[in-house]
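J.: Model the following, please.
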Amino acid sequence: MSVFLGVDGGGTKTEFVCIDEAGRVIARAVTGTTYHLQIGLDEAIARLGQGIEAVCGQLTLSPAGLRRAFFGLPAFGEDAASDPLLDAACGRLLGHDRYRCDNDMVCGWAGSLACADGINLVAGTGSIGYGERQGRKARVGGWGEIFSDEGSAYWIAIQGLNAFTRMSDGRLPAGPLKQALARELALASDLDICARVMGEKGMARDEIAGLARIVSDAADQGDAEASAILDRAGSELAAMAQALRRNLGFGESETVLLSWSGGVLTKQAAVRTALRRHLDRQGHYAVIEPRHDPALGAALYAALLDRASPA
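T.: Residues are numbered from 1 along each chain as shown. Next up, the predicted model:
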C-alpha cells in the first residue's frame, strides 16, 4: 500500500494526515505550531519529528516507507537562511528525498478546492492568498503580523486593541468591545493593557490572535467599531482575491472558483459575509465551502506530486 503524508503547519497547531492510494485518511496527528519565527528552528523541527513519529506509529510504518510527503510550513519561502535548513531537516526526518516543502498556503488551496484551479484565502492566525490556474501559481499577502496579515485573527485583534485605546482616550465612544477586552485581560486599569500585551510577560502571537474572538463577540453585542473591524477584514481579504485573479490571468468575465481556510473565515460568519459582499462588487466568483481541510489537502497534494514525478 502506498501511503502519502501531508503536513499542514500553522500559527497555532500543526496537523499530520496520511492517506492511501484511494484518498482515504488512515492516520492523523496534531502537534503545536511549527512557526519557527515564534518557537525557533530547533523546536519547529522537533515538532515535525513528533508528528511524523505519531502517524507512522499508528500505521506501524517507518518514515522511509512513506511513498511521498508534502510539508506546508508557515513562513516557508520567506527566509533564504531558514528555508534550506527546514527542507534538509524534513529529509532527515523521513530518511528519503520523496518530499517537497512549501508554504502552508498550498495546503489550504489543495484542501478547499481539491487541487482544482482557483483561489483560496487563508485567514487564521495570519493571512495569505494562493491560487493556481493552468499550472500558473501565485500568492498574495502573508507578509507577517508586524506590517501585514490583513484580515487575519492577529490583525483583527490588533485593530480591536487599537479601538480599546481610542475608546479609553475618548477618541471613540466606549462600547461593549472596551469592557470585553478589559474583562478578558483582567485589567485593573486601562493602562495595564500595555504591560499585559507588550510587557516582559506579555502575550505571544497566537495569544494575541485569540483576542479576535472578543472582537467578534462585541460585534454581536452591537459594538459599531467591532463590526467595522470585521467588515474591513472582509474587504482586505477580497482585495487579496482580486490581486490573485489578476496575477493568475483570469479574464474579467471569467468565473473564478474561490474558497477559504483558517479559523477566521471558518468560524466568523460576519467576516465571510463581508468577504462575499465585497467580492460581489469586484468580479465574477463562485464561492464554495471548503471541500476538505488543509491537512487532508496537504496529503492530496503529496499524492498529486507523486503522480507528476517520473517513475
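
J.: these two touch, right, L187 and I193?
T.: Yes - with contact defined as Cβ atoms under 8 Å, L187 counts as touching I193 (5.8 Å). Glycine gets a C-beta too; all of them are placed from N, C-alpha and C.

J.: what's the burial count for the spatially closest residue to L248 that is not a sequence neighbour?
T.: In space, and not counting its chain neighbours, L248 is closest to R133: 4.3 Å by Cβ to Cβ, 6 or more residues apart in numbering. R133 has 19 neighbours, counted by other Cβ atoms under 10 Å.

J.: wait, doesn't R133 sit right on W109?
T.: No - taking contacts as Cβ under 8 Å, R133 lies outside contact range of W109: 11.3 Å.

J.: what is in contact with the two at once?
T.: Common contacts of R133 and W109, defined by Cβ atoms under 8 Å, 6 or more residues apart in numbering, comprise G118.

J.: which residues touch the residue nearest to L248?
T.: Neighbouring residues of R133 by Cβ under 8 Å, 6+ apart: 117-118, 248-250.

J.: Now do the helices in this protein.
T.: Listed in chain order, the helices found in the chain under DSSP state H are 36-39, 41-59, 82-94, 105-112, 153-169, 176-184, 192-198, 205-209, 212-220, 224-248, 263-267, 269-282, 294-308.

J.: Next, format those as a markdown table and append mean neighbour count, mean pLDDT and distance to K137.
T.: Formatted as a markdown table, these follow (neighbours: other Cβ atoms under 10 Å; pLDDT from 0 to 100; distance: least, Cβ to Cβ, whole Å):
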| stretch | mean neighbour count | mean pLDDT | distance to K137 |
| --- | --- | --- | --- |
| helix 36-39 | 18 | 92 | 23 |
| helix 41-59 | 18 | 98 | 24 |
| helix 82-94 | 16 | 98 | 17 |
| helix 105-112 | 30 | 97 | 9 |
| helix 153-169 | 21 | 98 | 24 |
| helix 176-184 | 19 | 98 | 39 |
| helix 192-198 | 14 | 97 | 37 |
| helix 205-209 | 20 | 94 | 27 |
| helix 212-220 | 22 | 98 | 29 |
| helix 224-248 | 21 | 98 | 8 |
| helix 263-267 | 22 | 95 | 21 |
| helix 269-282 | 17 | 96 | 21 |
| helix 294-308 | 22 | 96 | 12 |
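
J.: List just the one of those that sits closest to G11.
T.: helix 205-209 (5.7 Å; Cβ to Cβ).

J.: Could you name whichever residue is most remote from the centre of the chain?
T.: G170 (34.9 Å; Cα atoms, centre = their mean).

J.: ok, now how distant is that one from R196?
T.: Distance, G170 to R196, using Cβ to Cβ, to the nearest Å: 21 Å.

J.: same deal with A69?
T.: 41 Å.
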